[in-house]
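> Would you be able to build a 3D model of this:
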Amino acid sequence: MNYISTRGKIAPITFSEAVMMGLATDGGLLLPETLPRVDMTTVSGWKNLSYQRLAFEIIRLFADDLPGHVLEDLIERSYASFKHPQVTPITHRDGLYILELFHGPTFAFKDVALQLLGNLFELLLEKQDRTMNILGATSGDTGSAAIHGVRGKARINIFILHPDGRVSPIQKLQMTTVTDDNVFNIAIRGTFDDGQAIVKAIFNDLAFKENYHLGAINSINWARVLAQVVYYVYAWLKLHGRGHQSVDFSVPTGNFGDIFAGYVAKRLLPEGLLNRLILATNTNDILARFVSRGDYSKGPVSATISPSMDIQVASNFERYLYYLRDEDSTQVVRDMEQFTATGTLDLSSLADRVTADFASRAVSEEETLVTIREFYTGHQYLLDPHTAVGVCAGRQFRDAKRPMVCLATAHPAKFGEAVARAIGKSPELPPALADLREEDSRCVILDADAEQIKSYLMEHARS
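This is a model prediction of the structure:
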């Protein structure tokens, strides 16, 4: 299995090389040269597998340069810290199936991918006798999950940018109270989109990237997407065991990474098993507008109670665009150059193809709060605001012929203020989160300026 860039200007590389490269050196995103597809016989053989074993069977299709016993050990270690034996269990509420993705060490779905990626980095760096400086931007959960994935690792320093004042108090504490010598938290005076643009600009400075051994943990890293493919297949297998052949998924997403993993899962499995992917967003609705009418155009970023989706430039969108453009990298380059120059991309001529892959719904603040309240009072189940966005959309698109699976992306205690607004009281904090208030914290505040971030990185980078 080789990997290529959406912009077509790199020679094919291995899975391990793709993990270490992160962002392609031509500015594009890395993808498998050919997406694998399995048959029904293979899928039937997966039905009784543990989550870890299923992860091995799926990931090895994409990572054939890693010996099987090495990959097995890597996966076992990555999910040993999860609090539920099924890793991503399913519960049934109000006619919906809730896929709980928050049982990892930082109580967010990002742990599923970033525990694996942290161990992958450690493995490959030791093998190559190299060091790495990880640079990433977060709208909340990626940062803490990435930090917990690599904290204390001997060959890695990690630098995480988050928008100052635009993450939840718990999200901030989860990052800034990790004071290991290899962890550097940077609050930028700006938005998540500003941070993401800074990271991309620094990675596109190829000489700087090489000199400072930069690595990527944002969902621009293919391994992030790959790890998330597994739980879509796992959920389908669980529901197939209950007599369902075809399944819909509702996915709260701002950066297009989680739902793109669903798209890969849909293409991996035999046709019809994963039916519809519902793209759920908050009032920052660039992705909903794209799906509903082909309008991919930036607007101002609005601060909401679901801050991890307060995004107007989705970094994984280019991966889907590559397939939408029939794998024509020349056209992808033209599209992305136009978007960079104008902030808008008219893809309305392709709307029929997009709506064959996705449906969409932008959910308001009031709808989010009402959904949290109704689910709590009517079904004794507490949703975080991001999950509530997905549940609200899932309710709208629910079809009696198929189960609707809603991805629960974070523990509600991570967004206590929003939950309190909805139900009149704060959620109970798990001990691991409650104890954060007593911990020392460390963070530096800098301008949203690439050169200032570069200077800070140069001062603290691992050589």
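
> Rounded mean pLDDT for the host helix or strand of residue 378, please.
Secondary structure assignment for residue 378, by DSSP states H and E: helix 365-379. The pLDDT scores in helix 365-379 average 97.

> tell me what the helix or strand just after it is packed against?
Per DSSP H and E, the first helix or strand lying C-terminal to helix 365-379 is helix 385-397. Here helix 385-397 touches strand 96-100, strand 247-252, strand 274-281, strand 358-362, helix 365-379, strand 404-408, going by 3 or more C-beta pairs under 8 Å, 6 or more residues apart in numbering; DSSP states H and E. In this view, the C-beta of every residue, glycine as well, is placed from N, C-alpha and C.

> Tell me which other helices or strands the fifth one touches.
Which is helix 365-379. With contacts taken as 3+ C-beta pairs under 8 Å, 6+ apart, helix 365-379 sits against helix 385-397, helix 416-423.

> Excluding covalently adjacent residues, which one is nearest to residue 378?
Nearest residue to residue 378, sequence neighbours excluded (C-beta to C-beta, 6 or more residues apart in numbering): residue 94, at 6.9 Å.

> show me what contacts the one you found?
Counting by C-beta atoms under 8 Å, 6 or more residues apart in numbering, residue 94 touches 375, 378, 379, 395.

> So how do I select the buried members of those residues in PyMOL?
Selection of buried members from those for PyMOL, criterion 16 or more other C-beta atoms under 10 Å:
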select buried, resi 375+379+395
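
> ok so, going back, between the helices and strands packed on helix 385-397, which one is closest to residue 435.
Proximity to residue 435, assessed across these by C-beta to C-beta, is greatest for strand 96-100 (22.2 Å).

> what's the span of stretch 29-38 from first residue to last?
With C-alpha to C-alpha, to the nearest Å as the measure, stretch 29-38 spans 24 Å from end to end.

> circling back to that earlier point, just name the most buried of the helices and strands packed on helix 365-379.
Greatest average neighbour count among the helices and strands packed on helix 365-379 goes to helix 385-397 (a mean of 27), per mean count of other C-beta atoms under 10 Å.

> if we can go back for a sec, of all the helices and strands packed on helix 365-379, which one is nearest residue 169?
helix 416-423 (7.5 Å).

> thinking again about what came up before, mind checking the helices and strands packed on helix 365-379 for the one nearest to residue 222?
Closest among the helices and strands packed on helix 365-379, once you apply C-beta to C-beta, is helix 385-397, at 23.4 Å.

> which residues sit against the closest one?
So helix 385-397 is contacted by 94, 96, 98, 248, 250-252, 276, 278-282, 304-306, 308-309, 359-361, 363, 367-369, 371-372, 375, 383, 404-410, 412, 415, 418-419 (C-beta under 8 Å, 6+ apart).

> now swap in stretch 48-59 and tell me
Against stretch 48-59 from outside (C-beta under 8 Å, 6+ apart): 46, 68, 71-72, 75-76, 79, 86-88, 226-227, 229-231, 233-234, 237, 268.

> Pull out the buried members of those residues.
Using 16+ other C-beta under 10 Å, the buried members of the contacts of stretch 48-59 are 46, 71-72, 75, 79, 87-88, 226-227, 229-231, 233-234, 237, 268.

> from these, which is closest to residue 336?
Nearest member of those to residue 336, counting by C-beta to C-beta, is residue 226, at 22.6 Å.

> Spit out the contact partners of the closest one.
Contacts of residue 226 by C-beta under 8 Å, 6+ apart are 58, 59, 62, 63, 113, 261, 264.

> looking only at pLDDT, what's the mean for the helix or strand encompassing it?
Assigning secondary structure by DSSP H and E places residue 226 in helix 222-240. Throughout helix 222-240, pLDDT has a mean value of 97.
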